[in-house]
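# Model the structure of this input:
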Amino acid sequence: QAISPQAILTSHFSLPQMPSDLLAYYQQRAAEYERIYTKPERQSDLATLHSLLRHNLRNHRVLEVSCGTGYWTAAFAPAALSVTACDLSPEVLAIARAKDWPSASVEFSQADSYNLPDFDRKFSAAFAGFWWSHVPRHRLPAFLSGLHSKLQPGATVIFIDNRFVPGSSTPISRTSTDGDSYQLRRLDDGTTHEILKNFPSESDLRHTLSTITPAPEITLTDYFWLLRYTIP
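Residues are numbered from 1 along each chain as shown. Modelled structure (predicted):
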């Protein structure tokens, strides 16, 4: 049993480390969050990812970070032993909690992915969907270290995210001196937001994990990538 959302709020949530601009964007985008998954050309790839997640997370106690509205939670929760899904935005969590979940084994908690709370147990797997791309390159080692600290030895870790596809992906508006890329995104309310969105290559992923695992598994589809590895 993970710690309660109330405990997270009192002991942890008061000092969020997620950039405020990214949090504000996803709070405002909550109602239109899942629209991106309706693009016709991406349906085959999405079905592949759903299948891979169910297979790789079957019978695991899963910690999901930056779960959003629970779109990906729903893809693997029926196969998992339990799921603790976290996000910093109360707006997206409200949508996630309102969905019809298969059992009481799925719980949602408000928590910062950069500063996860202490749970009363270690998890056998971790998952994050479309979060890696929002982490500044220089923050990846610390983020991964924090995530891994919540897992038991030999745990499975899975990330999925976008590949950049000209004509389908939102254009990159600029690239910083640190190598982070950004997009300008317009919401239904008319506001425009500059959002960090990186598109790591396969070699980038392997380099980031070189001190953690010698042979991460990387699956590439036309529009997405899936990264799977185990921690020591």
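# Quick check: the gap between residue 220 and residue 165.
For residue 220, the distance to residue 165 (Cβ to Cβ, to the nearest Å) stands at 12 Å. The way it works is simple: take the backbone N, C-alpha and C, and place the C-beta from them, glycine included.
# Let me fix that, I meant to ask about residue 126.
On the measure of Cβ to Cβ, residue 126 and residue 165 end up 27 Å apart.
# the more surrounded of the two?
residue 126 (23 against 13; other Cβ atoms under 10 Å).
# helices or strands next to whichever strand or helix holds that one in the packing?
Using DSSP states H and E, residue 126 falls within strand 123-129. Under the contact definition 3 or more Cβ pairs under 8 Å, 6 or more residues apart in numbering; DSSP states H and E, strand 123-129 sits against strand 61-64, helix 71-76, helix 140-148, strand 151-162.
# what packs against the shortest one?
The contact analysis (3+ Cβ pairs under 8 Å, 6+ apart) places strand 61-64 against helix 71-76, strand 82-87, strand 123-129.
# ranges for the strands of this structure?
With strands called from DSSP state E, the chain shows them at 61-64, 82-87, 106-110, 123-129, 151-162, 172-175, 181-186, 192-196, 217-220, 224-230.
# could you dump those strands to TSV with mean pLDDT and distance to residue 141?
Shown next, in TSV, are the strands of the chain (pLDDT from 0 to 100; distance: least, Cβ to Cβ, whole Å):
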stretch	mean pLDDT	distance to residue 141
strand 61-64	98	19
strand 82-87	97	20
strand 106-110	95	24
strand 123-129	99	15
strand 151-162	98	14
strand 172-175	97	20
strand 181-186	90	19
strand 192-196	85	17
strand 217-220	98	19
strand 224-230	99	15
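# could I get those strands as JSON lines with distance to residue 98?
Output for these, formatted as JSON lines (distance: least, Cβ to Cβ, whole Å):
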{"stretch": "strand 61-64", "distance to residue 98": "17"}
{"stretch": "strand 82-87", "distance to residue 98": "13"}
{"stretch": "strand 106-110", "distance to residue 98": "10"}
{"stretch": "strand 123-129", "distance to residue 98": "19"}
{"stretch": "strand 151-162", "distance to residue 98": "24"}
{"stretch": "strand 172-175", "distance to residue 98": "34"}
{"stretch": "strand 181-186", "distance to residue 98": "25"}
{"stretch": "strand 192-196", "distance to residue 98": "25"}
{"stretch": "strand 217-220", "distance to residue 98": "31"}
{"stretch": "strand 224-230", "distance to residue 98": "26"}
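# Low-confidence bits of this structure, can you list those?
Residue ranges of the chain with pLDDT under 70: 1-31, 33, 104.
# The closest residue to residue 186 other than its chain neighbours - how many residues pack around it?
Excluding its sequence neighbours, the residue lying closest to residue 186 (Cβ to Cβ, 6 or more residues apart in numbering) is residue 192, at 5.0 Å. Look at residue 192: counted by other Cβ under 10 Å, it has 9 neighbours.
# What's the separation between the residue lying closest to residue 208 once chain neighbours are set aside and residue 116?
Once flanking residues are discounted, residue 208 sits nearest to residue 140: 5.6 Å by Cβ to Cβ, 6+ apart. For residue 140, the distance to residue 116 equals 15 Å [Cβ to Cβ].
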